[in-house]
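Q: show me how the following folds:
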Amino acid sequence: MKEFMNKQVSLFLLLLWLIAAVHNTPAQDTKTALTIKIDQIISKNFPGMTIYTIVENERGESVTGLSPGLFKFRIDSQAETGKAVVVPFSMRESPIDYSILFSNNGIMEGEPLDFQKNAILQFVESMKDTDRLSLYTIGEDASVVFEELRKSAIDSSVINAVSITSDQPRVYDSIINVMRRVQRRTTERRIVIIISDGRDQNSRFTKEQVNTVLTEVEVPVYALGIRVLNTQSLSNINEMADLTGGTYHYAPRLSEIPTGLRALTAKITSAYIINIKVKSLKADDLPHIFEVSIDERDSSGSGQKTFIAVKVPVPRWVKWVILISTAVMIAALVVLYIIRRIIKRKRMGITRRRCPDCHNRMKDTWDSCPFCRYIHNIKKKKKKKGKNA
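A: Predicted coordinates:
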C-alpha cells in the first residue's frame, strides 16, 4: 500500500511539473516582434559611420524612447564593439533634404491632383527652417517645379499653379532623373518621397536599371500609393521603398493623401541616429552587411542593410601640408649645407676675399692668386700650340 501511495505522489508531482512547464512556455514567447528598418548608412568617413534606423511595432507604429543600451550591432555576422552613440532624430537639429515627386498626368485631373497639392502644402508647413525641399512632377522626365528651397522661400502659389499635363507618366525615367540630382547634393540626410499610383508608360529605363540606380545612390525612398483606376501598379513604388529601406504607405481614399504624407513624415523624423566608430573592419571599398538588433524583456527584432567600407582618400588640405612641409625641409637642408660650407671655408682660411683678376676666392694668407698663375700658364701653352700648328 505504501508503495502504491508513493507512485501516486510521484505521478501527482510529475503532473504538476508538466502543468507548470506548459504554463510557463507561452510566457517565454510573448515578446513583441519589432521591425527595424535601416533606411540610410553614410560611410564616406569610414571607419566612422552614421546610420538612420526606424523601429516599428507589430501595428507599424514608430517606437520611440528606447534606451541606447538596447541597440546591438553586428558587421558580417560578427559583433561590433566600436564606440556607438544612439540619439533620437528629434533631439538633433539636423537638416533634411527632401525631394517630392508627384503625379499630374491626365488621369489625375480633379481631386487626385488637388489632394496631392493640399498634402504638399501641409508638408511645407511642417518643415523645419533648416530643411530644404525640391518638388518635381512625373512626366516624360522629372519636371522641376522648384529645387532646394527653404521653408521661408517656398511660394504656395507655385505649388497651386501645377496643372494637368498630357505627358505620359514615366515613373522609372522620372525617379532616375531625381536620384541623379539628389546624388550631387551634400546634405547628409536626404529623402525622396514619391506620390503616385505606380503606373509607368513607355519609360526608356527598365525596373532593373532603376533598382541599380537606387542601390548606387543609397538614398531612401518613401512612397505614398494612391488609387485612381486600380491598385495593380502600386507594387512598383512599394518595391522601391522596400529596396532602399524606406516605407510604403497606401492611401485607399484620395482624401487620405494628406494624412498618408504626414504618416511618412512622422516615420522619417522618428528615426534613431547611430554614430559608430567601427573597429572590427578595415576599409576595403567592398560591400558589407550592417545589422542592428534590439532584444529587451518585452520585445525584440533586427534589421540589416549593405554598406561600402569606403577607403577615405587623403584630403586635399593634407596633400598641401605634406607638399609645403617637404619644400620647407628641402630649403632647410640647402641652407644648412651652405652654412656648413661657409664654416668649413673659414676653418681653411677662405673668406670673402677674391682675386681682382679671375674673381676666384683666395685665402687671407695668400700673397698672390695661384689660379691666375695656372690660367696664365695654360694660356701660354695654348698660344704655343696655335703657332706650331
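
Q: secondary structure element holding residue 334?
A: In this assignment (DSSP states H and E), residue 334 forms part of helix 316-348.

Q: I meant to write residue 242 there.
A: helix 234-244.

Q: what about that helix, average pLDDT?
A: For helix 234-244, the mean per-residue pLDDT is 93.

Q: show me what it is packed against.
A: Under the contact criterion of 3 or more CB pairs under 8 Å, 6 or more residues apart in numbering; DSSP states H and E, the helices and strands touching helix 234-244 comprise helix 171-183, strand 189-196, helix 207-217, strand 221-226, strand 248-251. The C-beta positions use only the backbone N, C-alpha and C, and glycine is treated the same way.

Q: show me where pLDDT drops low in the stretch 151-300 of the chain?
A: Within the stretch 151-300 of the chain, no stretch has pLDDT under 70.

Q: may I see the buried residues of stretch 276-293?
A: 276, 278, 281, 288, 290-293 (16 or more other CB atoms under 10 Å).

Q: from these, pick the one nearest residue 256.
A: Nearest to residue 256 among these is residue 292, at 31.1 Å by CB to CB.

Q: whichever strand or helix holds the closest one: what's the following helix or strand?
A: In this structure, residue 292 sits in strand 287-295 according to DSSP H and E. Once strand 287-295 ends, the next helix or strand along the chain (criterion: DSSP H and E) is strand 299-308.

Q: now do the same end-to-end measure for stretch 84-100.
A: 32 Å (CA to CA, to the nearest Å).

Q: with stretch 307-321 instead?
A: 31 Å.

Q: any idea how far it is from the chain center?
A: Distance of stretch 307-321 from the chain centroid (CA atoms, centre = their mean, to the nearest Å) equals 15 Å.

Q: and what of stretch 99-111?
A: 30 Å.

Q: just the terminal-to-terminal distance for that stretch.
A: 23 Å.

Q: how about the contacts made by the closest residue to residue 65 other than its chain neighbours?
A: Distance criterion CB to CB, 6 or more residues apart in numbering; nearest residue to residue 65, sequence neighbours excluded, is residue 88 at 7.7 Å. Residues counted as contacts of residue 88 (CB atoms under 8 Å, 6 or more residues apart in numbering) are 64-65, 270-273.

Q: report the separation between residue 88 and residue 64.
A: 6 Å (CB to CB, to the nearest Å).

Q: give the residues shared as contacts by these two.
A: In contact with both residue 88 and residue 64: residue 270, using CB under 8 Å, 6+ apart.

Q: hang on, the earlier thing: just checking, what packs against the helix holding residue 334?
A: Against helix 316-348 (3+ CB pairs under 8 Å, 6+ apart) you get no helix or strand.

Q: repeat that for 10 Å
A: strand 350-354, strand 361-363 (3 or more CB pairs under 10 Å, 6 or more residues apart in numbering; DSSP states H and E).

Q: is it true that residue 162 lies in a strand?
A: No - per DSSP: H, G, I helix; E, B strand; the rest coil, residue 162 lies outside any strand segment and is coil.

Q: around it, how many other residues sit close by?
A: Neighbourhood size, residue 162 [other CB atoms under 10 Å]: 17.

Q: same question for the one 3 residues further on.
A: Burial measure for residue 165: 17 neighbouring residues, criterion other CB under 10 Å.

Q: ok so, going back, export the helices and strands packed on helix 234-244 to CSV and tack on mean neighbour count?
A: As requested, these are exported to CSV (neighbours: other CB atoms under 10 Å):
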stretch, mean neighbour count
helix 171-183, 21
strand 189-196, 24
helix 207-217, 15
strand 221-226, 26
strand 248-251, 18
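
Q: residue 344 is nearest to which of those?
A: Across the helices and strands packed on helix 234-244, closest to residue 344 is helix 171-183 (CB to CB), at 62.9 Å.

Q: just the CA coordinates of that closest one, formatted as CSV?
A: Extracted in CSV, the C-alpha atoms of helix 171-183 (Å, rounded to 0.1, in the frame of the first residue of the first chain):
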residue,chain,number,x,y,z
VAL,A,171,7.8,56.7,-63.4
TYR,A,172,11.1,54.9,-63.9
ASP,A,173,12.7,57.7,-66.0
SER,A,174,11.5,60.3,-63.6
ILE,A,175,12.8,58.6,-60.5
ILE,A,176,16.2,58.0,-62.1
ASN,A,177,16.4,61.7,-63.0
VAL,A,178,15.6,62.8,-59.5
MET,A,179,18.0,60.3,-57.9
ARG,A,180,20.9,61.7,-60.1
ARG,A,181,20.0,65.2,-58.9
VAL,A,182,19.9,64.1,-55.3
GLN,A,183,23.2,62.3,-55.6
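
Q: tell me what residue 304 is bridged to.
A: residue 291 (DSSP bridges).

Q: OK, contacts around it?
A: Residue 304 sits next to 36-38, 74-75, 77, 245, 289-293 when contact means CB atoms under 10 Å, 6 or more residues apart in numbering.

Q: next, the most centrally placed residue in the chain: phi, psi?
A: By CA atoms, centre = their mean, the chain has its centre lying nearest to residue 42, at 2.7 Å. Main-chain torsions, residue 42, degrees, to the nearest 10: phi -110, psi 110.

Q: measure it to residue 63 for me?
A: Residue 42 is 23 Å from residue 63, by CB to CB.
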